[in-house]
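Visitor: Fold the following.
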Amino acid sequence: MNEVLIEAFQQKDWAMKALIAACENCSVDELTRPAPGFGSILATLNHLVLADAGYVASVGGGRAVWAVVDGETNDLQELAARVEESGARWERFLREPIDGERLAFLDDGAYETHTAVVVMQALHHASVHGEQVCKCLEALGIEPPDLQPWAYADETGRSRWLWPQS
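Guide: This next block holds a predicted model:
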């Protein structure tokens, strides 16, 4: 029913895991060094993962036990596992009919919006902060991953070149 949205969220998760993988060879100093975003690469990655878990919970996808205030981790493998868990929650949610006008509540009920807005925000949020992490990696001299949907489609077999490119 929502196959296009499901694939958009799969691309978001693929990009988040690609970012995490790109950080695996960084030192603790590099991951925790002050940088644009939420204070460091690691802080920005944690923010991305925790916010995504909060977004899916706010639309009825269930809250992960780790998705709490101060739920950050220094373990990149744990972050990747959390992306997987939230991705599964999003997919279960998106496989059902969605009423985009249904109200969703965030920030402990202090903020009210429509479900459609939360879905859009989840995709936008991952893109914006993902690019921040890419810039931080570039500043460290590390080639960041290509997070574009084109790269996702090429890697997953959803697209291909029909003739050689020059």
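
Visitor: okay, now Val128: neighbour count?
Guide: By the criterion of other CB atoms under 10 Å, Val128 has 11 neighbours. Every C-beta, even on glycine, is put in place using the N, C-alpha and C of the backbone.

Visitor: what's the answer for Glu30, then?
Guide: Glu30: 19 neighbours (other CB under 10 Å).

Visitor: residue contacts, it?
Guide: Neighbouring residues of Glu30 by CB atoms under 8 Å, 6 or more residues apart in numbering: Ile41, Leu140.

Visitor: For it, grab phi and psi.
Guide: In terms of degrees, to the nearest 10, the main-chain angles of Glu30 are phi -70, psi -40.

Visitor: quick one: it from Arg92, how far?
Guide: 36 Å (CB to CB, to the nearest Å).

Visitor: same question, Asn25
Guide: Distance, Asn25 to Arg92, using CB to CB: 34 Å.

Visitor: now do Asp154
Guide: Taking CB to CB, one finds Asp154 at 27 Å from Arg92.

Visitor: ranges for the helices of this protein?
Guide: Assigned by DSSP state H, the chain shows helices spanning 3-22, 28-32, 41-58, 76-94, 115-139, 149-156.

Visitor: Skip the chain neighbours and tell me the closest residue to Ala43.
Guide: Using CB to CB, 6 or more residues apart in numbering and skipping the chain neighbours, the partner closest in space to Ala43 is Gly37 (7.0 Å).

Visitor: How about the contacts made by Val118?
Guide: Taking CB under 8 Å, 6+ apart, we find Val118 in contact with Tyr55, Ser58, Val59, Ala104, Leu106.

Visitor: ok, and the most crowded of those residues?
Guide: For the contacts of Val118, the largest number of neighbours (other CB under 10 Å) sits with Val59, at 26 neighbours.

Visitor: Can you get me the centre-to-centre distance for stretch 126-146 and its chain?
Guide: Offset of stretch 126-146 from its chain centre (CA atoms, centre = their mean, to the nearest Å): 13 Å.

Visitor: Between Asn25 and Arg92, point out the one with more neighbours.
Guide: Ranked by neighbour count (other CB under 10 Å), Asn25 and Arg92 place Arg92 first, with 13 against 8.

Visitor: Could you report the neighbour count for the closest residue to His129 other than its chain neighbours?
Guide: The shortest distance from His129 to any non-neighbouring residue, by CB to CB, 6+ apart, is to Leu48 (5.0 Å). As a burial measure, Leu48 scores 27 neighbours (other CB under 10 Å).

Visitor: likewise the one 5 residues further on?
Guide: By other CB under 10 Å, the residues close to Ala53 number 25.
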